[in-house]
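Student: Pasting the sequence and the predicted coordinates here, then a few questions.
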Amino acid sequence: MSGSLDPFFRPPPPIFFAALMLAAGVLLAIALVVGLMTYPAAMWTRVAGTSVERIVFAALLYLASHTLRAIRLVFILTDVRTSIRRLVEVHFLTAAVGMVIPFKVVGDLYRVIEIGALSNHYPRALIAVWIERAADSLMIGIIIVAALAFGPNTHGGVLPLLALLAIFIILSLIIFLVVPQNIGRLKHFVIRRYHSMAAVNFLRFIDLVQRTLSEAPRLLEQKYVTLLFLTACIWIAEALVLCAIIPGLLWAPGLLATGFGTLLAEIATGLSALGPLPVGAFEQISALGQLPAEVAAAIYRLATQPPLLVAGLAAFLHYGAYRLRQLRIATRAPHYLSPGTRP
């Protein structure tokens with residue numbers, strides 16, 4: 001992007017990216033230590049009495065789901081000349097940060113910043129993350145509808161999340177289908193009716209929106225089926241995490257949909273994934289595995305959060321070192337463009 005749109009996309013100074021990267025690494029280290037230290041002491045003994053292989057298998061399945069998420073991100077940005085390894089590292093780093101910090105949207109904003117800096121294209125990064133969330137929302141909605149069909153007692157817990165997902169999906173359809181078809185008409189209307197400086201600035205903003213939305217067809221061209229397939233595999237892997245903890249769920253799809261839907265609702269309505277144990281999601285399904293609900297919830301947390309935090313820290317060590325080297329080079333360049341720009 002160039003010309004009058006440059007101010008919208010001018011990246012922050014290198015010190016901002018360096019501070020953000022270091023803050024992410026420190027945050028993940030603190031979260032891992034605090035998470036293990038605040039793990040209910042009484043649960044360690046009870047969890048130790050369960051099968052260690054079950055916990056390890058659940059952790060591997062959870063990491064597999066995030067590996068599939070990284071593959072999906074690479075697939076969405078397949079036409080972007082960016083290192084696949086760096087994109088995978090960015091996924092694990094931003095996924096771990098997004099799990100720790102309050103509110104999912106803040107984690108997604110950090111994800112957009114890192115992907116945009118790496119690909120040197122922030123609008124494309126924004127659209128890529130939006131596509132990820134839209135695909136996830138569609139799949140989660142299907143899971144919750146199945147939970148409502150098979151588990152009538154879950155209505156109160158999952159309906160708010162289902163409503164939010166429906167709003168987000170409808171908003172996405174409007175933004176990607178309705179707005180592009182009418183934005184040209186809006187520009188012509190403004191040009192014909194208004195001639196002030198405010199109108200000029202508004203036209204610049206409309207042009208910015210139009211150029212940003214134009215990235216969606218490029219990223220999604222001939223990718224719909226594969227994108228939905230990868231998203232389905234991601235959530236199947238996450239559902240199998242529950243089956244690894246409670247093996248009987250594999251043969252009770254109704255209870256699996258109920259427990260998984262309730263679990264997603266509890267996590268989504270919390271400020272952070274590091275909040276209270278999601279005991280409510282396991283109350284109806286833990287009997288299949290002959291485990292108390294609080295023990296099953298504790299095993300789930302142990303099998304999901306520490307592995308992702310460790311993976312995020314590993315990504316931080318590799319990707320963070322690369323980014324800091326790039327930032328040092330950028331500060332020596334006569335004209336700084338962005339951390340992703342090759343000198």
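Tutor: Looks like it arrived, so ask away.
Student: Could you use CA atoms for every contact and neighbour count after this?
Tutor: Fine.
Student: ok, now which ones touch residue 113?
Tutor: Contact partners of residue 113, counting by C-alpha atoms under 8 Å, 6 or more residues apart in numbering, are 122, 125.
Student: That one and residue 73, how far apart?
Tutor: Distance, residue 113 to residue 73, by C-alpha to C-alpha, to the nearest Å: 14 Å.
Student: show me where the protein has helices.
Tutor: 6-9, 14-37, 41-48, 52-76, 84-100, 104-119, 122-150, 155-173, 179-193, 197-213, 215-220, 224-245, 253-269, 293-332 (DSSP state H).
Student: And the ones you listed, which one averages the lowest pLDDT?
Tutor: For those, mean pLDDT drops lowest on helix 6-9, to a mean of 50.
Student: What number of neighbouring residues does residue 116 come out with?
Tutor: Using other C-alpha atoms under 10 Å, residue 116 is surrounded by 21 other residues.
Student: Quick check: the gap between it and residue 123.
Tutor: Taken as C-alpha to C-alpha, the span from residue 116 to residue 123 is 7 Å.
Student: Over to residue 229?
Tutor: Where residue 123 is concerned, residue 229 sits at a distance of 25 Å (C-alpha to C-alpha).
Student: These two - which one has more neighbours?
Tutor: Between residue 229 and residue 123, counting by other C-alpha under 10 Å, residue 123 is the more crowded of the two (20 against 12).
Student: how about that one, what does it touch?
Tutor: Residue 123 touches 116, 212, 215, counting by C-alpha under 8 Å, 6+ apart.
Student: next one: residue 77
Tutor: 128, 219.
Student: What are the phi and psi values at it?
Tutor: The phi/psi pair for residue 77 (degrees, to the nearest 10) reads phi -100, psi 30.
Student: And the pLDDT for it?
Tutor: 88.
Student: That one and residue 227, how far apart?
Tutor: 12 Å.
Student: Residue 20 now?
Tutor: Distance from residue 20 to residue 227, by C-alpha to C-alpha: 30 Å.
Student: Among those two, which residue is more densely surrounded?
Tutor: residue 227 (19 against 15).
Student: burial of the nearest residue to that one once chain neighbours are set aside, as a residue count?
Tutor: Closest residue in space to residue 227, ignoring its immediate chain neighbours: residue 72 at 6.9 Å, by C-alpha to C-alpha, 6 or more residues apart in numbering. For residue 72, the neighbour count with other C-alpha under 10 Å is 21.
Student: What of residue 222?
Tutor: Around residue 222 there are 10 residues (other C-alpha under 10 Å).
Student: ok, now residue 322?
Tutor: By other C-alpha under 10 Å, the burial measure for residue 322, its neighbour count, is 12.
Student: Then residue 170?
Tutor: For residue 170, using other C-alpha under 10 Å, the count is 12.
Student: Residue 64 and residue 233: what is the separation?
Tutor: For residue 64, the distance to residue 233 - C-alpha to C-alpha - is 10 Å.
Student: should've said residue 179
Tutor: 31 Å.
Student: again, but for residue 119
Tutor: 26 Å.
Student: neighbour count winner among those two?
Tutor: Under the criterion of other C-alpha under 10 Å, the comparison of residue 119 against residue 233 puts residue 119 first, with 21 against 16.
Student: pretty sure the more buried one is in contact with residue 82, am I right?
Tutor: Yes - using C-alpha atoms under 8 Å, residue 119 is in contact with residue 82, at 5.9 Å.
Student: and for the two, which residues touch both?
Tutor: Common neighbours of residue 119 and residue 82 (C-alpha under 8 Å, 6+ apart) do not exist.
Student: Could you give the number of residues near residue 224?
Tutor: 12.
Student: Distance check, it against residue 119.
Tutor: Where residue 119 is concerned, residue 224 sits at a distance of 22 Å (C-alpha to C-alpha).
Student: what do you get for residue 65?
Tutor: 24 Å.
Student: ditto for residue 297
Tutor: For residue 297, the distance to residue 119 - C-alpha to C-alpha - is 38 Å.
Student: what's stretch 126-134 in contact with?
Tutor: Contacts for stretch 126-134 (C-alpha under 8 Å, 6+ apart): 73, 76-77, 108, 111-112, 116, 168-169, 172, 212-213, 215-216, 219.
Student: check contacts around the nearest residue to residue 24 once chain neighbours are set aside.
Tutor: Of all residues not flanking residue 24 in the chain, residue 97 sits nearest, at 6.6 Å (C-alpha to C-alpha, 6+ apart). Going by C-alpha under 8 Å, 6+ apart, residue 97 touches 24, 27-28, 107, 312.
Student: same question, residue 138
Tutor: Residue 138 sits in contact with 165, 169, where contact means C-alpha under 8 Å, 6+ apart.
Student: Run through the residues that contact the nearest residue to residue 64 once chain neighbours are set aside.
Tutor: Counting by C-alpha to C-alpha, 6+ apart, residue 64 lies nearest to residue 237, which is 7.0 Å off, once chain neighbours are set aside. Contact analysis of residue 237 by C-alpha under 8 Å, 6+ apart lists 61-62, 64-65.
Student: Any of those residues buried? List them.
Tutor: Neighbour counting by 16 or more other C-alpha atoms under 10 Å classes 61-62, 64-65 among these as buried.
Student: Including distance to residue 187, could those go into TSV?
Tutor: Formatted as TSV, the buried ones among the contacts of residue 237 follow (distance: C-alpha to C-alpha, whole Å):
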residue	distance to residue 187
61	49
62	47
64	46
65	43
